[in-house]
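Asker: Just the structure for this:
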Amino acid sequence: MSTTTVQKSATADQAPAPAAPGGTRRRGERSLLGTLTSHGILTVASLIALFPIAWLVFLSLGPDKDDYLHPERIWSKMTFDNYSYVLQETNFFDWLKSSLVVSLGTTFIGVLIAATTGYAVSRMRFPGYKKFMWVLLVTQMFPVAVLMVPMYQILSELQLIDTYLGLILVYCSTAVPYCAWLMKGYFDTIPFEIDEAGRVDGLSPFGTFLRLILPLARPGLAVAAFYSFITAFGEVAFATTFLLDDEKYTFAVGLQSFVSEHDAQRNLMAATAVLIAIPVSAFFYLVQKNLVTGLTAGGTKG
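Answerer: From the prediction side, this is the model:
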(Lines give C-alpha, C1' and ligand atoms only; values in the text may rest on other atoms or scores of the structure.)
Protein backbone atom coordinates (compact mmCIF):
# COMPACT_ATOMS: atom_id res chain seq x y z
CA MET A 1 0.00 0.00 0.00
CA SER A 2 1.41 3.40 -0.95
CA THR A 3 2.09 6.28 1.42
CA THR A 4 -0.57 8.38 -0.29
CA THR A 5 -3.22 5.74 0.38
CA VAL A 6 -2.26 5.50 4.08
CA GLN A 7 -2.43 9.28 4.47
CA LYS A 8 -5.86 9.40 2.83
CA SER A 9 -7.15 6.64 5.11
CA ALA A 10 -5.85 8.41 8.22
CA THR A 11 -7.43 11.67 7.09
CA ALA A 12 -10.75 9.91 6.53
CA ASP A 13 -10.63 8.35 10.00
CA GLN A 14 -9.95 11.71 11.64
CA ALA A 15 -12.72 13.51 9.80
CA PRO A 16 -15.54 14.61 12.11
CA ALA A 17 -18.83 12.80 11.93
CA PRO A 18 -21.47 14.67 9.95
CA ALA A 19 -23.98 16.66 11.95
CA ALA A 20 -27.42 15.20 12.40
CA PRO A 21 -29.70 16.68 9.74
CA GLY A 22 -32.69 18.76 10.60
CA GLY A 23 -31.81 19.17 14.28
CA THR A 24 -32.29 15.46 14.99
CA ARG A 25 -30.70 14.47 18.31
CA ARG A 26 -28.03 11.82 18.35
CA ARG A 27 -28.45 8.71 20.41
CA GLY A 28 -27.96 9.45 24.12
CA GLU A 29 -28.51 13.19 23.78
CA ARG A 30 -31.25 15.00 25.70
CA SER A 31 -33.38 17.87 24.59
CA LEU A 32 -33.30 21.13 26.51
CA LEU A 33 -36.81 20.45 27.83
CA GLY A 34 -35.80 16.98 29.02
CA THR A 35 -32.72 18.33 30.79
CA LEU A 36 -34.69 21.08 32.54
CA THR A 37 -37.40 18.62 33.57
CA SER A 38 -34.95 16.11 35.05
CA HIS A 39 -33.08 18.83 36.93
CA GLY A 40 -36.33 20.27 38.19
CA ILE A 41 -37.53 16.90 39.48
CA LEU A 42 -34.20 16.26 41.20
CA THR A 43 -34.28 19.71 42.79
CA VAL A 44 -37.78 19.21 44.14
CA ALA A 45 -36.87 15.75 45.46
CA SER A 46 -33.80 17.17 47.19
CA LEU A 47 -35.84 19.93 48.82
CA ILE A 48 -38.40 17.40 50.06
CA ALA A 49 -35.63 15.27 51.54
CA LEU A 50 -33.86 18.21 53.19
CA PHE A 51 -36.96 19.97 54.52
CA PRO A 52 -37.44 17.78 57.66
CA ILE A 53 -33.79 18.29 58.60
CA ALA A 54 -33.95 22.04 58.08
CA TRP A 55 -37.21 22.20 60.02
CA LEU A 56 -35.68 20.28 62.94
CA VAL A 57 -32.69 22.62 63.05
CA PHE A 58 -35.02 25.62 62.91
CA LEU A 59 -37.15 24.36 65.81
CA SER A 60 -34.03 23.66 67.87
CA LEU A 61 -33.27 27.39 67.84
CA GLY A 62 -36.53 28.28 69.57
CA PRO A 63 -36.10 28.97 73.31
CA ASP A 64 -39.59 27.86 74.38
CA LYS A 65 -41.02 24.34 74.36
CA ASP A 66 -44.19 25.50 72.59
CA ASP A 67 -42.46 27.37 69.78
CA TYR A 68 -43.33 24.57 67.38
CA LEU A 69 -46.95 25.75 67.58
CA HIS A 70 -45.95 29.24 66.39
CA PRO A 71 -42.76 28.75 64.34
CA GLU A 72 -42.95 32.24 62.85
CA ARG A 73 -42.03 33.66 66.26
CA ILE A 74 -38.69 31.85 66.33
CA TRP A 75 -37.14 34.27 63.82
CA SER A 76 -37.12 37.13 66.33
CA LYS A 77 -35.67 35.14 69.27
CA MET A 78 -33.27 32.53 67.85
CA THR A 79 -30.79 31.23 70.38
CA PHE A 80 -28.37 28.36 70.99
CA ASP A 81 -29.41 28.01 74.63
CA ASN A 82 -31.06 24.65 73.91
CA TYR A 83 -27.74 23.21 72.78
CA SER A 84 -25.96 24.61 75.84
CA TYR A 85 -28.57 23.09 78.13
CA VAL A 86 -28.40 19.68 76.48
CA LEU A 87 -24.60 19.57 76.59
CA GLN A 88 -24.22 20.89 80.14
CA GLU A 89 -27.35 19.92 82.09
CA THR A 90 -28.18 16.46 80.74
CA ASN A 91 -26.37 13.11 80.46
CA PHE A 92 -25.68 13.77 76.80
CA PHE A 93 -22.10 12.51 76.85
CA ASP A 94 -23.11 9.37 78.76
CA TRP A 95 -25.73 8.75 76.08
CA LEU A 96 -23.08 9.35 73.42
CA LYS A 97 -20.69 6.86 75.02
CA SER A 98 -23.39 4.22 75.38
CA SER A 99 -24.63 4.70 71.83
CA LEU A 100 -21.13 4.43 70.37
CA VAL A 101 -20.25 1.36 72.45
CA VAL A 102 -23.45 -0.44 71.48
CA SER A 103 -23.41 0.67 67.83
CA LEU A 104 -19.74 -0.04 67.15
CA GLY A 105 -19.94 -3.32 69.06
CA THR A 106 -22.95 -4.38 66.99
CA THR A 107 -21.16 -3.31 63.82
CA PHE A 108 -18.00 -5.27 64.59
CA ILE A 109 -19.64 -8.48 65.81
CA GLY A 110 -22.49 -8.33 63.32
CA VAL A 111 -20.30 -7.76 60.27
CA LEU A 112 -17.85 -10.46 61.40
CA ILE A 113 -20.62 -13.06 61.75
CA ALA A 114 -22.43 -11.95 58.60
CA ALA A 115 -19.26 -11.98 56.48
CA THR A 116 -18.18 -15.46 57.58
CA THR A 117 -21.74 -16.76 57.18
CA GLY A 118 -22.16 -15.25 53.73
CA TYR A 119 -18.79 -16.58 52.58
CA ALA A 120 -19.51 -20.08 53.86
CA VAL A 121 -22.87 -20.26 52.10
CA SER A 122 -21.44 -18.74 48.91
CA ARG A 123 -18.44 -21.06 48.63
CA MET A 124 -19.26 -24.25 50.53
CA ARG A 125 -21.95 -26.78 49.64
CA PHE A 126 -22.87 -28.40 52.96
CA PRO A 127 -26.22 -30.16 53.58
CA GLY A 128 -29.02 -27.64 54.06
CA TYR A 129 -27.05 -24.53 53.11
CA LYS A 130 -29.99 -23.12 51.15
CA LYS A 131 -32.47 -23.82 53.92
CA PHE A 132 -30.11 -22.18 56.38
CA MET A 133 -30.32 -18.86 54.52
CA TRP A 134 -34.10 -19.10 54.41
CA VAL A 135 -34.16 -19.72 58.17
CA LEU A 136 -32.20 -16.49 58.62
CA LEU A 137 -34.77 -14.70 56.49
CA VAL A 138 -37.69 -16.14 58.47
CA THR A 139 -36.28 -14.69 61.71
CA GLN A 140 -36.99 -11.22 60.32
CA MET A 141 -40.72 -11.94 60.11
CA PHE A 142 -41.37 -11.80 63.85
CA PRO A 143 -42.37 -8.41 65.31
CA VAL A 144 -40.46 -6.87 68.19
CA ALA A 145 -43.34 -7.39 70.64
CA VAL A 146 -43.19 -11.16 70.10
CA LEU A 147 -39.42 -11.35 70.60
CA MET A 148 -39.25 -9.10 73.65
CA VAL A 149 -40.29 -11.61 76.32
CA PRO A 150 -38.17 -14.61 75.23
CA MET A 151 -35.13 -12.37 74.72
CA TYR A 152 -35.60 -10.86 78.17
CA GLN A 153 -35.76 -14.33 79.72
CA ILE A 154 -32.61 -15.45 77.89
CA LEU A 155 -30.65 -12.34 78.87
CA SER A 156 -31.89 -12.63 82.44
CA GLU A 157 -30.62 -16.21 82.72
CA LEU A 158 -27.28 -15.14 81.25
CA GLN A 159 -27.17 -12.14 83.63
CA LEU A 160 -26.88 -9.75 80.71
CA ILE A 161 -29.77 -7.42 81.60
CA ASP A 162 -28.62 -3.80 81.83
CA THR A 163 -25.33 -4.56 80.06
CA TYR A 164 -23.92 -3.35 76.78
CA LEU A 165 -23.06 -6.90 75.70
CA GLY A 166 -26.65 -8.07 76.14
CA LEU A 167 -28.00 -5.23 74.01
CA ILE A 168 -25.31 -5.81 71.37
CA LEU A 169 -26.28 -9.47 71.06
CA VAL A 170 -29.93 -8.52 70.70
CA TYR A 171 -29.13 -6.06 67.93
CA CYS A 172 -26.94 -8.64 66.19
CA SER A 173 -29.94 -10.96 66.03
CA THR A 174 -31.61 -8.29 63.89
CA ALA A 175 -28.65 -7.11 61.82
CA VAL A 176 -26.90 -10.41 61.05
CA PRO A 177 -29.64 -12.11 58.94
CA TYR A 178 -29.95 -9.19 56.53
CA CYS A 179 -26.20 -8.60 56.36
CA ALA A 180 -25.56 -12.32 55.78
CA TRP A 181 -27.87 -12.25 52.74
CA LEU A 182 -26.17 -9.08 51.53
CA MET A 183 -22.66 -10.49 51.92
CA LYS A 184 -23.63 -13.80 50.34
CA GLY A 185 -24.85 -11.97 47.25
CA TYR A 186 -21.66 -9.92 47.13
CA PHE A 187 -19.36 -12.92 47.54
CA ASP A 188 -21.20 -14.59 44.65
CA THR A 189 -19.88 -11.83 42.38
CA ILE A 190 -16.25 -12.60 43.28
CA PRO A 191 -14.80 -15.27 40.93
CA PHE A 192 -14.11 -18.71 42.37
CA GLU A 193 -10.74 -18.66 40.64
CA ILE A 194 -9.46 -16.36 43.40
CA ASP A 195 -10.17 -19.03 46.02
CA GLU A 196 -8.45 -21.64 43.86
CA ALA A 197 -5.41 -19.38 43.47
CA GLY A 198 -5.25 -19.04 47.25
CA ARG A 199 -5.28 -22.81 47.70
CA VAL A 200 -2.51 -23.17 45.10
CA ASP A 201 -0.43 -20.68 47.10
CA GLY A 202 -0.93 -22.81 50.20
CA LEU A 203 -3.50 -20.68 52.01
CA SER A 204 -6.09 -22.27 54.25
CA PRO A 205 -9.79 -21.53 53.59
CA PHE A 206 -9.74 -18.97 56.39
CA GLY A 207 -6.49 -17.48 55.07
CA THR A 208 -8.01 -17.19 51.61
CA PHE A 209 -11.08 -15.49 53.07
CA LEU A 210 -9.05 -13.10 55.20
CA ARG A 211 -6.25 -12.16 52.81
CA LEU A 212 -7.86 -12.39 49.37
CA ILE A 213 -11.64 -12.21 49.57
CA LEU A 214 -12.22 -9.59 52.29
CA PRO A 215 -10.18 -6.86 50.55
CA LEU A 216 -12.27 -7.38 47.41
CA ALA A 217 -15.50 -7.34 49.45
CA ARG A 218 -14.85 -3.93 50.98
CA PRO A 219 -17.93 -2.26 49.40
CA GLY A 220 -20.20 -5.02 50.69
CA LEU A 221 -18.63 -4.79 54.13
CA ALA A 222 -19.23 -1.03 54.13
CA VAL A 223 -22.95 -1.50 53.45
CA ALA A 224 -23.25 -4.20 56.12
CA ALA A 225 -21.38 -2.01 58.61
CA PHE A 226 -23.57 1.01 57.90
CA TYR A 227 -26.77 -1.02 58.24
CA SER A 228 -25.61 -2.57 61.52
CA PHE A 229 -24.56 0.81 62.90
CA ILE A 230 -27.85 2.50 62.03
CA THR A 231 -29.87 -0.45 63.38
CA ALA A 232 -28.21 -0.18 66.78
CA PHE A 233 -27.92 3.61 66.92
CA GLY A 234 -31.59 4.46 66.41
CA GLU A 235 -33.38 1.50 68.04
CA VAL A 236 -35.73 2.30 70.93
CA ALA A 237 -37.82 -0.70 72.03
CA PHE A 238 -35.02 -3.11 72.98
CA ALA A 239 -32.87 -0.38 74.52
CA THR A 240 -35.76 0.84 76.69
CA THR A 241 -36.48 -2.69 77.92
CA PHE A 242 -32.98 -4.05 78.51
CA LEU A 243 -31.22 -0.93 79.86
CA LEU A 244 -32.17 0.07 83.41
CA ASP A 245 -29.39 2.44 84.50
CA ASP A 246 -29.89 5.96 83.21
CA GLU A 247 -26.11 6.35 82.79
CA LYS A 248 -26.21 3.51 80.23
CA TYR A 249 -29.06 4.93 78.19
CA THR A 250 -28.48 5.30 74.49
CA PHE A 251 -29.57 8.42 72.60
CA ALA A 252 -32.87 6.85 71.59
CA VAL A 253 -33.75 6.20 75.24
CA GLY A 254 -32.30 9.48 76.48
CA LEU A 255 -34.63 11.45 74.22
CA GLN A 256 -37.56 10.04 76.16
CA SER A 257 -36.39 11.89 79.27
CA PHE A 258 -37.65 15.11 77.66
CA VAL A 259 -41.18 13.74 77.53
CA SER A 260 -43.30 13.23 80.64
CA GLU A 261 -46.95 12.41 81.15
CA HIS A 262 -48.06 16.05 81.08
CA ASP A 263 -45.19 17.85 79.39
CA ALA A 264 -42.88 17.61 76.39
CA GLN A 265 -39.79 19.79 75.96
CA ARG A 266 -39.77 19.70 72.20
CA ASN A 267 -37.15 22.42 71.84
CA LEU A 268 -34.64 20.31 73.79
CA MET A 269 -35.64 17.20 71.87
CA ALA A 270 -34.97 19.00 68.60
CA ALA A 271 -31.56 20.24 69.77
CA THR A 272 -30.60 16.74 70.97
CA ALA A 273 -31.77 15.21 67.69
CA VAL A 274 -29.52 17.60 65.75
CA LEU A 275 -26.55 16.68 67.92
CA ILE A 276 -27.34 12.98 67.55
CA ALA A 277 -27.11 13.31 63.77
CA ILE A 278 -23.44 14.35 63.95
CA PRO A 279 -21.89 10.92 64.75
CA VAL A 280 -24.19 9.20 62.26
CA SER A 281 -23.19 11.68 59.56
CA ALA A 282 -19.52 11.15 60.39
CA PHE A 283 -19.90 7.38 60.10
CA PHE A 284 -21.76 7.78 56.82
CA TYR A 285 -18.97 9.97 55.49
CA LEU A 286 -16.41 7.27 56.26
CA VAL A 287 -18.24 4.54 54.35
CA GLN A 288 -20.14 6.49 51.69
CA LYS A 289 -17.55 5.85 48.96
CA ASN A 290 -18.34 2.14 49.06
CA LEU A 291 -22.08 2.25 49.75
CA VAL A 292 -23.36 2.53 46.18
CA THR A 293 -20.98 -0.12 44.86
CA GLY A 294 -21.85 -2.49 47.68
CA LEU A 295 -25.60 -2.07 47.33
CA THR A 296 -25.62 -2.66 43.58
CA ALA A 297 -23.11 -5.51 43.50
CA GLY A 298 -24.71 -7.32 46.42
CA GLY A 299 -28.01 -7.51 44.58
CA THR A 300 -26.78 -9.00 41.32
CA LYS A 301 -26.87 -12.62 42.47
CA GLY A 302 -28.96 -14.45 45.05
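Asker: In the host helix or strand of Val176, which residues are buried?
Answerer: Val176 is located in helix 164-188, with elements delineated by DSSP states H and E. Neighbour counts using 16 or more other C-beta atoms under 10 Å place 164, 166-172, 174-188 of helix 164-188 among the buried residues. For the C-beta atoms, the positions are set from N, CA and C on the backbone; glycine is no exception.
Asker: Could you do stretch 152-166 as well?
Answerer: Buried-residue list, stretch 152-166, by 16+ other C-beta under 10 Å: 152, 155, 160, 163-164, 166.
Asker: Between the two ends of that stretch, how far is it?
Answerer: 10 Å (C-alpha to C-alpha, to the nearest Å).
Asker: quick one: average pLDDT of that stretch?
Answerer: Stretch 152-166 comes out with an average pLDDT of 92.
Asker: before we move on, what SS does Phe132 have?
Answerer: helix (DSSP: H, G, I helix; E, B strand; the rest coil).
Asker: so what's it closest to, chain neighbours aside?
Answerer: Val121 (6.7 Å; C-beta to C-beta, 6 or more residues apart in numbering).
Asker: Next: Lys77.
Answerer: Pro63 (5.9 Å).
Asker: gap between that neighbour and Thr79?
Answerer: To Thr79, Pro63 is 5 Å away according to C-beta to C-beta, to the nearest Å.
Asker: Over to Met269?
Answerer: 16 Å.
Asker: If you count surrounding residues, which of these two has more?
Answerer: Shown here are Met269 and Thr79; by other C-beta atoms under 10 Å, Met269 has more neighbours (22 against 13).
Asker: show me the contacts for that one.
Answerer: Counting by C-beta atoms under 8 Å, 6 or more residues apart in numbering, Met269 touches 255, 258-259.
Asker: where's it, which helix or strand?
Answerer: helix 266-297.
Asker: Tell me where the model's unsure across the protein.
Answerer: 1-30, 261, 290-302 (pLDDT under 70).
Asker: Please, where are all the helices along the stretch 51-200 of the chain?
Answerer: 81-89, 92-123, 129-138, 144-157, 164-188, 192-200 (DSSP state H, counting those that start in this stretch).
Asker: Can I get these in JSON lines including distance to Glu235?
Answerer: Conversion of the helices of the stretch 51-200 of the chain to JSON lines gives the following (distance: least, C-beta to C-beta, whole Å):
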{"stretch": "helix 81-89", "distance to Glu235": "21"}
{"stretch": "helix 92-123", "distance to Glu235": "9"}
{"stretch": "helix 129-138", "distance to Glu235": "19"}
{"stretch": "helix 144-157", "distance to Glu235": "9"}
{"stretch": "helix 164-188", "distance to Glu235": "7"}
{"stretch": "helix 192-200", "distance to Glu235": "36"}
